[in-house]
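Asker: structural data only, the sequence is not supplied:
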């Protein structure tokens with residue numbers, strides 16, 4: 001089976017936040033079609049950010065049947081990526097898996113999974129992968145702003 005794995009990182013104060021989104025490659029188009037009109041990058045939201053993230057779980061919940069893993073973690077800034085992230089990815093990693101990572105995480109992921117399997121967020125050209133990566137960014141920011149993942153955890 002082929003998987004798409006998205007990993008995003010966000011920093012605030014003394015903490016870093018990392019999100020992990022895993023979907024079947026066959027669900028890529030369905031996820032994209034469900035998010036293309038409403039998912040926005042948090043930097044582009046401006047004053048609407050609070051309302052957007054207050055509504056996020058209601059919009060995100062219908063996607064959960066299309067998503068295999070939806071997680072985010074916080075950890076002390078400057079420390080290593082939590083091992084649970086790699087343990088979760090390792091369960092889904094196979095020869096056909098693609099990992100899309102935040103530019104800040106490239107070295108750690110290329111070292112572990114190889115350069116040919118790791119796509120860098122800043123160099124993406126596939127519009128569907130870009131939009132789903134924005135969803136991973138939203139998940140990361142949702143944890144950072146709301147401090148809870150209960151409604152979007154899978």
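Answerer: Yep, that arrived. What you see is a predicted model; the values in this text were computed from it and never measured. Numbers count the residues shown, from 1 in each chain.
Asker: residue 136: what secondary structure?
Answerer: Of the three states, residue 136 takes helix according to DSSP: H, G, I helix; E, B strand; the rest coil.
Asker: burial measure for it, as a count.
Answerer: Neighbours of residue 136 under the rule other Cβ atoms under 10 Å: 26. Using the backbone N, CA and C atoms, a C-beta is placed for each residue, glycine as well.
Asker: how far away is it from residue 47?
Answerer: 23 Å (Cβ to Cβ, to the nearest Å).
Asker: in this protein, which spans are helices?
Answerer: Here the chain has its helices, by DSSP state H, at 28-35, 49-60, 83-92, 106-113, 127-146.
Asker: who are the packing partners of the second one?
Answerer: Packing partners of helix 49-60 (3 or more Cβ pairs under 8 Å, 6 or more residues apart in numbering; DSSP states H and E): helix 127-146.
Asker: find the residue at the geometric middle of this structure.
Answerer: In the chain, the residue lying closest to the centroid (Cα atoms, centre = their mean) is residue 136, at 2.5 Å.
Asker: spit out the contact partners of it.
Answerer: Applying Cβ atoms under 8 Å, 6 or more residues apart in numbering to residue 136 gives the contacts 6-8, 19-21, 100.
Asker: just these now: which is nearest residue 115?
Answerer: residue 100 (13.5 Å; Cβ to Cβ).
Asker: pLDDT at the nearest residue to residue 66 once chain neighbours are set aside, what is it?
Answerer: Of all residues not flanking residue 66 in the chain, residue 27 sits nearest, at 4.7 Å (Cβ to Cβ, 6 or more residues apart in numbering). Turning to residue 27, the model gives it a pLDDT of 96.
Asker: same check, this time on residue 44
Answerer: For residue 44, the model assigns a pLDDT of 86.
Asker: and if you look at residue 78?
Answerer: pLDDT, residue 78: 88.
Asker: ok, the residue nearest to it when sequence neighbours are not counted - contacts?
Answerer: Nearest residue to residue 78, sequence neighbours excluded (Cβ to Cβ, 6+ apart): residue 16, at 7.9 Å. Going by Cβ under 8 Å, 6+ apart, residue 16 touches 9-10, 74-79.
Asker: roughly how far does the residue of the chain most remote from its centre sit from residue 142?
Answerer: What lies farthest from the middle of the chain is residue 47; by Cα atoms, centre = their mean that is 23.0 Å. Relative to residue 142, residue 47 is positioned 18 Å away (Cβ to Cβ).
Asker: thanks a lot, see you next time.
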